[in-house]
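J.: Just to be clear, the model below is a prediction. Sequence and coordinates:
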Amino acid sequence: MKTFNAGNYINQGTYKSFQPTKINQKWAIEDMEVLSLLSQADRQLGRLDMYSEYIPNIDLFISMHVLKEATQSSKIEGTKTNIEDALLDKEDVNDEKRDDWEEVQNYIEALNSAIKSLEKLPFSSRLIRETHKILLQGVRGKHKLPGEFRSSQNWIGGASINDATFIPPTHTSVNDYMGDLENFAHNTESFFPDLLKIALIHYQFETVHLFLDGNGRVGRLMITLYLVEKRILKKPILYLSDFFERNRTLYYDNLTRVREKSDLNQWLKFFLVGVIETAKNGINTFDSILKLQKEVEVKLQTLGSRSNNAQLILNHLFQKPIVDAQKAKELTGLSSPSVYKLIEALEKLEILTEITGAKRGKIYLFREYTKIFK
């Protein structure tokens, strides 16, 4: 790490692009603070992964983790959709919020599709391009080559390339850099801890800026994909976007510090602190979910013969904490009058809260559950 040189600026005539050093090489860590943080991060990830094995119906809760990741990762890019908005169906979203809502929905679909694709595809250019294609379909950026690496020079910050804060490498070198990144991800000859690998991959991905749009979201999404593919996590339950969003300035500063000062150690420390904090928060989240489950089940027992149907609604709410009368009817098979009475009972028990204020087409939120993810 002491001899690491991040790269060089290459004169392209009217501007200089940054050509980063390739990462598929032998690495040696000498910074004891990095090693100490790596040990802590491995330990916390192990706890989180083991913890997830003992959570009944864990797949019910993963969708909310994905939803939170989608809103936080998109928020870094300026999208203003919160968890409650993201839960709504398209027709229930205000017109002025619909574009942001669609971007978040695309992120959810892209992440879910990518996780499923890992069953037959490795962590690769193809997987990343397919994920990017879903991310940009039908939204802002849809004309910026969804699913294709860029074929022109791009830049970060500034109204034009002349006042850009950072200019990535030329488009002609993108495929070469991606090949190097892919080889590094699957390099079994030179040992390098997987958590440090994905930290380095994320830095390189954001530096090369493979796409004309959506690089940040895809780059953050890749972290989870890598951890699942390497079986560090059995389930996709660790997402760093919330940490990056809360520490946005540090996130960008530390990426920039690598490029300008070749200080890779500082970026690795920041990344590992993020893993440690996020894993701990993940365990606390699962604890809160289990506690809430028990509290709600006690409340349902007061409903007597209606408790079984109420439980069917509750199972849905833990996966998607929003419901209307029509959905409740589908879940329970009850008549409309019976469904409305059951919803009213769940409101009285403070399990459901009506959030539209409408006389018809009412929508109900499982608010105590969404609070856990805020």
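T.: Structure received.

J.: tell me which residues in the longest helix seen in the chain are buried?
T.: Scanning the chain for the longest helix, with DSSP state H as the assignment, gives helix 264-300. Buried residues in helix 264-300, counted by 16 or more other CB atoms under 10 Å: 264-279, 282-283, 285-286, 289, 292-293, 296, 299-300. Bear in mind the C-beta positions are built from the backbone N, C-alpha and C, glycine included.

J.: For that helix, what is the distance to the chain centroid?
T.: Mean-position distance between helix 264-300 and its chain equals 14 Å (CA atoms, centre = their mean, to the nearest Å).

J.: For R140, the count of nearby residues, please.
T.: R140: 16 surrounding residues under other CB atoms under 10 Å.

J.: Give me the distance between the residue nearest to the spatial centre of the chain and K280.
T.: Centroid check for the chain by CA atoms, centre = their mean gives E69 as the closest residue, at 3.6 Å. For E69, the distance to K280 equals 17 Å [CB to CB, to the nearest Å].

J.: How about the secondary structure of V104?
T.: Assigned state for V104: helix (three-state reduction, DSSP: H, G, I helix; E, B strand; the rest coil).

J.: thought it was touching Q72?
T.: No - contact criterion CB atoms under 8 Å: V104 and Q72 do not qualify, at 9.8 Å.

J.: what residues are shared contacts of those two?
T.: Where contact means CB atoms under 8 Å, 6 or more residues apart in numbering, no residue is in contact with each of V104 and Q72.

J.: where along the stretch 151-300 of the chain do the strands fall?
T.: Secondary structure of the stretch 151-300 of the chain, counting by DSSP state E, counting those that start in this stretch: no strands present.

J.: hey, where'd the helices end up in it?
T.: 174-185, 194-208, 215-229, 241-246, 248-261, 264-300 (DSSP state H, counting those that start in this stretch).

J.: To N24, which of those helices lies closest?
T.: helix 174-185 (3.9 Å; CB to CB).

J.: average model confidence for that closest one?
T.: Here helix 174-185 scores 96 as its mean pLDDT.

J.: Report the angle between that helix and helix 215-229.
T.: 30 degrees (axes from the mean of the first three to the mean of the last three CA atoms, to 10 degrees).

J.: Which pLDDT value goes with the nearest residue to H209 once chain neighbours are set aside?
T.: Closest residue to H209 apart from its sequence neighbours, by CB to CB, 6 or more residues apart in numbering: P168 at 3.9 Å. At P168, the pLDDT value in this model is 96.

J.: what kind of secondary structure is K116 in?
T.: helix.

J.: show me what contacts it?
T.: Counted by CB under 8 Å, 6+ apart, K116 has zero contacts.

J.: what about this structure, any weak spots by pLDDT?
T.: 1-2, 141 (pLDDT under 70).

J.: Could you chop it up by domain?
T.: Per automatic domain parsing, the structural domains of the chain span 31-285, 296-372.

J.: most packed of the ones you listed?
T.: Of all those, domain 31-285 has the most neighbours on average by mean count of other CB atoms under 10 Å, namely a mean of 18.

J.: That domain: how far from the chain's middle?
T.: 6 Å.

J.: Mind putting the helices of the stretch 151-300 of the chain into TSV with distance to Q137?
T.: Compiled in TSV, the helices of the stretch 151-300 of the chain are given as follows (distance: least, CB to CB, whole Å):
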stretch	distance to Q137
helix 174-185	21
helix 194-208	21
helix 215-229	13
helix 241-246	20
helix 248-261	26
helix 264-300	28
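
J.: Noted, bye for now.
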